[in-house]
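Asker: take this sequence and fold it.
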Amino acid sequence: AENMVGIAVALAACALLAGVSALVPIRPPATPLIANNPYFSIWSATDNLTQDWTVNGPNGVRQELAGMVSIDGKVFAFMGPTSGANHTTDVMFGTDNSGGDLPNMPVTLDRPDWRLCQAMCIENPDCGGWAVGGTAAKATGCEDTPICWLKGTPGNLQPNPCRTSQNIDRGTDSLPVRATLTQESVVVHPLTTVYTFSSPVGVMLEVSFWSAVLPDNLEAMARPVTYVTFATWAVDGKVHDVKVYFDIGVAAVVDSSATLVSWARGTQGTTNWMRTGAHVQDIFSETNDQPNWGYVYAAFSQDSLATSCIGHAERVRTAFATTGVLPGTDDADAPVPAAPNGPVLAIVHRFPAVGTSRLDTTVVVGVDLIYSINYFNQWMPPYWRRNGAEGPDLVAAALADAPALQAASQQFDAQLESDLLAKFGPVYQTLCALAYRQSYASTDIVWNEIAGTHWQFLKEISSGSCLSTVDVIYPAAPLYVLMNPDLLYRLMVPLLAYANNDTYVQYNLAWAPHHLGTYPIGNLQPDQQEQMPVEETGNMLIMLAAIAKTKNSTDFVDPRYWPLIYSWGRYLVTTALDPGNQLCTDDFEGPSPHNANLAAKGIVGLEALAMILALKGDAVNATYFHGVAQDYATKWQTLAMDPSQTHYKLEYDLADTWSTKYNLLFHTVLGMDIYPQAVLDLENAYYAKMQNGFGLPLDNRAVFAKTDWEMWAAANMPPQQAQQIFNEIFRFANTTTGRVPFSDWYETNSGDLKGFRCRAVIGGLYSPYLVAKGL
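Answerer: Coordinates of the predicted model:
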């Protein structure tokens, strides 16, 4: 029987999402399929899933997900490039079959040209067989040309005058099938990406990739798994036999095609699982954002009409393309190089009687890193491993929870989208839906055995791979504090512990750290920091204040950290008004002495500390830091004012300059009053003159924008002006030729990609929602 629970959930989900269908159609710069953590992040960088292989989000390296479907014996691709997607090859047709064991010869395709000829022959109903080279080919001078012959009178193979250029496959560059389903739509929700396909034979297919990144469910949120739900139904009134093929390879957990990999399979309760990974596990070894340890898993329920196989990609895919079934045995030649033609974990689910009713099934893919973080020689496992669980336990638990989590995920998507739509309209709603999983996929939740609790770490993707960079956490903070302020604190604790000398490193600096090391290893000495004293100190205090405001309490702060927090306040008293020649988070633009926006952060940071201390019950120090912050904010307005009196400067001593004062966001969020509204009004009026067709530049030094910061600025704008920013960012995302996961750095005059991809900071898009919703 089919998964009737899944059907009920899917129908309920459709009903829920129907109420928030205002999502604006968008061509995402890249589409999230798997977005769980920095190492398990697979995206589509094309409009259609059959245009090219899926890729790793952080680095763009090919990481294959493959999908095919057999409908009444006819095979179509729906994910992965098809035969001829990338190459054109001359094909010679012959007149007839000269005999032998063709076309039913054993499929042992160890030469790419054999496979491409077979692929073409499969597409031609008059094809009697296929071959490569041979006597006849040599006689015509076409020794290396694939030759296919038509059904006819047996005889010697003779060239046919019909010689054409055909788009057909080369090796493992594409799937061994030419026909494709028609992709009708793709819709990205916060937790779910839904593709809908039609076929020329009256059957529809819907493929949903969803991750239960539910902020109120730590267990589900911490699991590095993605669910893939396949749903099918007929639209021609007939009944069809449908088989859906899906596979995932090993690329997510190896850093080189030469890495030797092996595989295994087993059962866990009612779950069938398969896994593959490096034959020799090199824990914490990473190259170009690729780990060389851990295992990729694929799992499905034993009570489903599914079969599975672990084998070389070409063998397994070709078997399904030619016969509609998987090979009966797994490959047994491990270990083998990861690529080309490395192992895939393949699952085929059969729907023997597809009619007008929707039928579905769900598989789980996941990654087991064994250990996630090396925090100053303390190896920290993933959170889900805290009680001794291993990979099979992970996927079995995920599959068992799938019906409930799917319902919860669809409810979450519907509620969040409804709220975003009501507050800011469909364009903003669509942007935030695209940003959600990307931001959380830069993080990983681990178990700290010594502390007896969970911590969270972040990777600074595409800009240094730093571990838990404070000025990358900070721009994402609007999303994090909205969804789960407790988890934001767990993201800050490793930094607090480091600065508090809780590790073997003696942190002897008066200001907050920039980061902890290079992901996934924390081992940084203080003199190895990229020093951003006011930047990071202000960031830490502001985020602590935001958490405290959501709780109306400071009880969440470990008492050991109070002396450190006070010391950071004292440091800002000496530096916040004029930070001198310090770096700020926009370090890619170089030093900016006497930076007005950086000073504003320090001043807001002082007021944030005052608010924290007031909640703590320390009225004396709260009054002191508030007084300093108020005094500095007043002086700032004079120091930063441009001679034109139309705006505030980039740097105190540079007239005729300007910058986006995004650091005033939390002045609004936290309900501060040290800056008058007139400051924001003046800035907003000036920003309106500076906007280009694709957004608001960061400052006068260049025309590029930081997507996160311009959205922070928009949160403090009047509604009509903010909507213009939403529209411009949408225009960038919808039209840029930079096909990477939502970038936060692009040119505002052209929409061209400047740099950065797949970064957590895109969570900053939630800043207008944070202001509207409040803490």
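
Asker: L609 contacts L564, doesn't it?
Answerer: No: if you go by CB atoms under 8 Å, L609 and L564 don't touch, sitting 11.8 Å apart. Any C-beta I mention is one placed from the backbone N, CA and C, and that applies to glycine too.

Asker: name the element L654 belongs to?
Answerer: Under the criterion of DSSP states H and E, L654 resides outside all helices and strands.

Asker: mind checking how far it is from H594?
Answerer: 8 Å (CB to CB, to the nearest Å).

Asker: of these two, who's got more company?
Answerer: H594 (20 against 16; other CB atoms under 10 Å).

Asker: just the pLDDT at the more buried one, thanks.
Answerer: For H594, the pLDDT comes out at 97.

Asker: isn't it right up against Y652?
Answerer: Yes: with contact defined as CB under 8 Å, H594 counts as touching Y652 (4.0 Å).

Asker: who touches both of those two?
Answerer: D578 (CB atoms under 8 Å, 6 or more residues apart in numbering).

Asker: circling back to that earlier point, L609 and L564: which has the busier surroundings?
Answerer: L609 (31 against 17).

Asker: break down the stretch 351-500 of the chain into its strands, ranges please.
Answerer: 359-368, 373-375, 378-380, 443-448, 453-458 (DSSP state E, counting those that start in this stretch).

Asker: nearest to L615, out of those?
Answerer: Closest of the strands of the stretch 351-500 of the chain to L615 is strand 453-458, at 22.5 Å (criterion: CB to CB).

Asker: tally of neighbours for V235?
Answerer: Around V235 there are 11 residues (other CB under 10 Å).

Asker: so how far is stretch 192-206 from its chain's centroid?
Answerer: Relative to its parent chain, stretch 192-206 has a centroid offset of 23 Å by CA atoms, centre = their mean, to the nearest Å.

Asker: about what we covered before: mean neighbour count for the strands of the stretch 351-500 of the chain - can I get that in a markdown table?
Answerer: Shown next, in a markdown table, are the strands of the stretch 351-500 of the chain (neighbours: other CB atoms under 10 Å):
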| stretch | mean neighbour count |
| --- | --- |
| strand 359-368 | 25 |
| strand 373-375 | 24 |
| strand 378-380 | 18 |
| strand 443-448 | 24 |
| strand 453-458 | 22 |
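
Asker: will you turn those strands into JSON lines that also has distance to Y489 and mean pLDDT?
Answerer: Shown next, in JSON lines, are the strands of the stretch 351-500 of the chain (distance: least, CB to CB, whole Å; pLDDT from 0 to 100):
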{"stretch": "strand 359-368", "distance to Y489": "26", "mean pLDDT": "98"}
{"stretch": "strand 373-375", "distance to Y489": "17", "mean pLDDT": "98"}
{"stretch": "strand 378-380", "distance to Y489": "17", "mean pLDDT": "98"}
{"stretch": "strand 443-448", "distance to Y489": "13", "mean pLDDT": "98"}
{"stretch": "strand 453-458", "distance to Y489": "9", "mean pLDDT": "98"}
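
Asker: got those as TSV, with distance to A220 columns?
Answerer: Formatted as TSV, the strands of the stretch 351-500 of the chain follow (distance: least, CB to CB, whole Å):
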stretch	distance to A220
strand 359-368	12
strand 373-375	20
strand 378-380	20
strand 443-448	11
strand 453-458	13
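
Asker: out of those strands, flag the one nearest G517.
Answerer: Using CB to CB, these put strand 373-375 closest to G517, at 8.4 Å.

Asker: what residues does the closest one touch?
Answerer: Taking CB under 8 Å, 6+ apart as the rule, strand 373-375 contacts 284, 379-380, 444, 446, 448, 455, 457, 467, 494, 503, 516, 520-523.

Asker: cool, stretch 238-245 as well?
Answerer: 66-73, 201-203, 205, 230, 232, 234, 317, 320, 324-326, 346-355, 361.

Asker: give me that answer again for 7 Å
Answerer: 67-72, 202-203, 230, 232, 234, 320, 324, 346, 348-355 (CB atoms under 7 Å, 6 or more residues apart in numbering).

Asker: for it, the distance to its chain's centre please.
Answerer: For stretch 238-245, the distance to the chain centre is 31 Å (CA atoms, centre = their mean).

Asker: gap between the nearest residue to S462 once chain neighbours are set aside and G57?
Answerer: Distances taken as CB to CB, 6 or more residues apart in numbering place R757 nearest to S462, at 4.8 Å, with adjacent residues excluded. Taking CB to CB as the measure, R757 falls 7 Å from G57.

Asker: the two: which has the busier surroundings?
Answerer: For R757 versus G57, neighbours defined as other CB under 10 Å are more numerous around G57 (32 against 26).

Asker: may I have the beta-bridge partners of L753?
Answerer: Y746 (DSSP bridges).

Asker: can you check Y245 too?
Answerer: M68, V348.

Asker: around it, how many other residues sit close by?
Answerer: 28.

Asker: quick one: low-confidence parts of this protein?
Answerer: 1-22, 83-172 (pLDDT under 70).

Asker: how close does the residue nearest to N692 when sequence neighbours are not counted sit to T270?
Answerer: Leaving aside its sequence neighbours, N692 sits nearest to T748 (CB to CB, 6+ apart; 3.9 Å). Counting by CB to CB, the gap from T748 to T270 is 54 Å.

Asker: tell me which of these two has more neighbours.
Answerer: Between T748 and T270, counting by other CB under 10 Å, T748 is the more crowded of the two (24 against 12).

Asker: measure that one to G763 for me?
Answerer: 21 Å.

Asker: same question for T271.
Answerer: 33 Å.

Asker: between these two, which one's more packed in?
Answerer: G763 (29 against 20).

Asker: mind checking how far R731 is from P392?
Answerer: 46 Å.

Asker: which one's more surrounded, those two?
Answerer: P392 (21 against 15).

Asker: in contact with that one, which residues?
Answerer: 266, 268, 273.
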